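Visitor: pasting the sequence and the predicted coordinates here, then a few questions.
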Amino acid sequence: MYDAVSDPYCYPGTTVLRNLVDIRDQATLDRYEAEVTAVRAEQPVPSGKLDHVHYSAFHRHLFQDVYDWAGHYRTVRIAKGGSAFCYPEYIEQQMVRLFASLQADDHFRRCSREDFASSAAHFLAELNSIHPFREGNGRTQLAFLTHLAEVSGHPLHLKRLDPAAVMAAMISSFLGDERQLRDLIDALL
Ligand SMILES: Nc1ncnc2c1ncn2[C@@H]1O[C@H](COP(=O)(O)OP(=O)(O)OP(=O)(O)O)[C@@H](O)[C@H]1O
């Protein structure tokens, strides 16, 4: 749930996101969203060049059954727990910049294990501070990072993931300290 005021993404007078199946109840929508995105997450990932377009394809793939804007950047300002994310007018340029730097780093293919953990933590922290989509950023981050880790030769063992620890590490990274995030990623390698 985001702190958004009079949000055109929501049904009027509510904080429930307009959705393709017209569910108006938040708990029901949460359940539906969790179920269908879990099914999509089990399917093969979209193909692409590990660039910002590919990242949107991940979001589109996961959320195609829920939102008509799946795969499209948000047009409203959002914040979570006091963290204000990138203003919508800068999302495109920040995504292009971030993924150009990922490409310049050869998608971390030449990294040692330690370097992968710190580089991936920094990438994830930046991605999270952009928060390009109105909803579904966390799941897209995880799906994309898993794929990136795989192709760069540093596959993740996600069974060891603790959602509460991930959330705490993401919040610390937003405040400029990426160490927890780096250690979490390192523990998955
Ligand atoms: N206060 C905060 N500051 C910075 N990042 C945050 C904060 N709260 C949550 N996050 C991060 O935002 C992401 C979640 O974004 P969003 O809610 O759009 O994704 P989601 O996929 O719908 O949710 P979830 O990841 O909870 O399943 C996660 O990476 C989470 O760690």
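Guide: Arrived safely.
Visitor: from Gly13, how far out is the residue of the chain at minimum distance from the ligand?
Guide: Nearest residue of the chain to the ligand, counting by C-beta to the nearest ligand atom: Gly138, 1.7 Å away. Where you see a C-beta, it was placed from the backbone N, CA and C, and this is true even at glycine. Note on Gly138: its distance to Gly13, by C-beta to C-beta, to the nearest Å, is 27 Å.
Visitor: between the two, which has more neighbouring residues?
Guide: Using other C-beta atoms under 10 Å as the criterion, Gly138 and Gly13 rank with Gly138 on top: 14 against 7.
Visitor: buried set for the helix or strand hosting Glu35?
Guide: Using DSSP states H and E, Glu35 sits in helix 26-42. Across helix 26-42, burial judged by 16 or more other C-beta atoms under 10 Å covers Leu29, Tyr32, Glu33, Val36, Thr37, Arg40.
Visitor: quick one: average pLDDT of the next helix-or-strand element following it?
Guide: Per DSSP H and E, the first helix or strand lying C-terminal to helix 26-42 is helix 52-63. Over the span of helix 52-63, the pLDDT mean works out to 98.
Visitor: list the helices and strands helix 52-63 packs on?
Guide: Here helix 52-63 touches helix 26-42, helix 88-104, helix 137-151, going by 3 or more C-beta pairs under 8 Å, 6 or more residues apart in numbering; DSSP states H and E.
Visitor: where does the chain dip in pLDDT?
Guide: 1-5 (pLDDT under 70).
Visitor: so which residues on it come close to the ligand?
Guide: Within reach of the ligand by C-beta under 6 Å from any ligand atom, the chain has these residues: 80-81, 83, 128, 135-139, 141, 166-167, 170-171, 174.
Visitor: and Asp106, what is it in contact with?
Guide: Asp106 sits next to no residue when contact means C-beta atoms under 8 Å, 6 or more residues apart in numbering.
Visitor: from here on, call the first residue 324.
Guide: Got it, first residue is 324 now, which makes that one Asp429.
Visitor: now it: phi and psi?
Guide: Torsion angles at Asp429 (phi, psi; degrees, to the nearest 10) stand at phi 60, psi 40.
Visitor: next one: Leu340
Guide: Taking degrees, to the nearest 10 as the convention, Leu340 sits at phi -70, psi 130.
Visitor: touching, it and Ile346? I think so.
Guide: No. Counting by C-beta atoms under 8 Å, Leu340 stays clear of Ile346, with 9.3 Å between them.
Visitor: mutual contacts of these two, please.
Guide: Residues touching both Leu340 and Ile346 (C-beta under 8 Å, 6+ apart) are Leu352.
Visitor: who's more crowded, these two?
Guide: Neighbour count, other C-beta under 10 Å: between Leu340 and Ile346, Leu340 has more, with 22 against 19.
Visitor: bridging residues for that one?
Guide: Cys333 (DSSP bridges).
Visitor: got a list of what it touches?
Guide: Contacts of Leu340 (C-beta under 8 Å, 6+ apart): Tyr332, Cys333, Leu352, Tyr390, Arg457, Glu458.
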